[in-house]
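Enquirer: Sequence and predicted model, in that order:
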Amino acid sequence: MSSKNTVVPLGTRQEAQLRLKQGPLRKEMRAREPVRPTTGRVVGFYPSTKNNRLIAWESQLEQKACGLFEFSPDVVRYREQPISVYFECDGQMRRYTPDFELQFQDGRSIYLEVKPLAKLQNADLKRRFQQVARFWELNGRQFGVITDVELYHPTLHLNLKLLRAHQRVQVSDQVRQRAVHWIATTGSATFEQLAELLNSTTQVYALIVQRVLHVDLFSPFSPTTTLHLPEGLGHESCLFSYRTAPDFE
């Protein structure tokens, strides 16, 4: 069942009453249903292995964000349209539903909005986000905005699209141990060398997806791509960044 709470933040009426419609991450249900496809608007579903279900997205930017959430090791799970917040602004009650909620390995969670940077320059929208961020700050939660600037990584997205096709490929313990032992002995290997050893490019991609092997996801995949074991490399566990209040810059 959903939970309802009333919280009055400190300050003026600009930071007045906010009401939660639905508690975070309690059930895999949305605070509102995504809009249907309309002329000029692209919507769809992202097949998430991490969440074991389809994640609805309402823009191509949200679709790209899903790919980053899916392959960021630091993200345990994520969901769309997770909660609705009602707050008073200019004498009226306004409703806001963030695009995503993410839960991280360390127990943190954050609400994220995905917006083109051009829209974030709107003073009214920025003030609205500042009020929502203030509410979550008072309640020990985080709020951020991801724009097209943070999402513009063409090579990364091409690599993730390729890896996504190998998410459900099974790798036996014998193959995994053989690959790890060989790279541990040599220090590193190229994609081509390991594919020849295992007699399978599919298995190499699957080992990358399962984070048995580490590669630079921001560089194009090629036969000469270098593979490492992940231990001790300090490689990225989060593939995205986001903007926070008060300026979202």
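Expert: Cool, got the structure.
Enquirer: Output the lowest mean pLDDT helix or strand found in this structure.
Expert: None of the helices or strands of the chain scores lower by mean pLDDT, DSSP states H and E than strand 5-7, at a mean of 31.
Enquirer: So what's the residue count around the residue lying closest to Tyr205 once chain neighbours are set aside?
Expert: Among residues not flanking Tyr205 along the chain, His166 sits closest, at 4.1 Å (C-beta to C-beta, 6 or more residues apart in numbering). From N, CA and C alone the C-beta is placed, and that goes for glycine too. Close neighbours of His166, defined as other C-beta atoms under 10 Å, add up to 18.
Enquirer: Identify the residues contacting His166.
Expert: Applying C-beta atoms under 8 Å, 6 or more residues apart in numbering, we find His166 in contact with Thr202, Tyr205, Ala206, Ile208, Val209.
Enquirer: Near Arg176, how many other residues are there?
Expert: 16.
Enquirer: Quick check: buried residues in the helix or strand where it lies?
Expert: In this structure, Arg176 sits in helix 173-186 according to DSSP states H and E. Using 16 or more other C-beta atoms under 10 Å as the burial criterion, the residues of helix 173-186 that qualify are Val175, Arg176, Ala179, Ile183.
Enquirer: what's the helix or strand just after it in contact with?
Expert: Using DSSP H and E, the helix or strand that directly follows helix 173-186 along the chain is strand 189-190. Strand 189-190 is contacted by residues Trp182, Ile183, Leu197, Pro223, Thr224, Thr225, Thr226, Leu227 when judged by C-beta under 8 Å, 6+ apart.
Enquirer: ok, Pro223 touching Glu192?
Expert: Yes. The pair Pro223 and Glu192 qualifies as a contact (C-beta atoms under 8 Å) at a distance of 3.8 Å.
Enquirer: Show me which of these two is the more surrounded one.
Expert: Taking neighbours as other C-beta under 10 Å, Pro223 and Glu192 compare with Glu192 leading, 14 against 11.
Enquirer: That one: what secondary structure?
Expert: Applying DSSP: H, G, I helix; E, B strand; the rest coil to Glu192 yields a three-state assignment of helix.
Enquirer: who touches it in this structure?
Expert: Each residue near Glu192 by C-beta under 8 Å, 6+ apart is listed here: Pro223, Thr224.
Enquirer: Please shift the residue numbers so they start at 660 in all later answers.
Expert: All set: I'll call the first residue 660, so the last point we hit is now Glu851.
Enquirer: And it, what's its pLDDT?
Expert: Model confidence at Glu851, given as pLDDT, is 97.
Enquirer: Can you give me the distance of it to Glu796?
Expert: To Glu796, Glu851 is 50 Å away according to C-beta to C-beta, to the nearest Å.
Enquirer: hang on, the earlier thing: which of the contacts of strand 848-849 lies closest to Thr708?
Expert: For the contacts of strand 848-849, the minimum distance to Thr708 (C-beta to C-beta) is 21.5 Å, reached by Leu886.
Enquirer: Can you pull up the most central residue in the protein?
Expert: What sits nearest the mean C-alpha location of the chain, by C-alpha atoms, centre = their mean, is Phe728, with 2.4 Å.
Enquirer: Setting the sequence-adjacent residues aside, check what's closest to that residue.
Expert: Closest residue to Phe728 apart from its sequence neighbours, by C-beta to C-beta, 6+ apart: Tyr737 at 4.5 Å.
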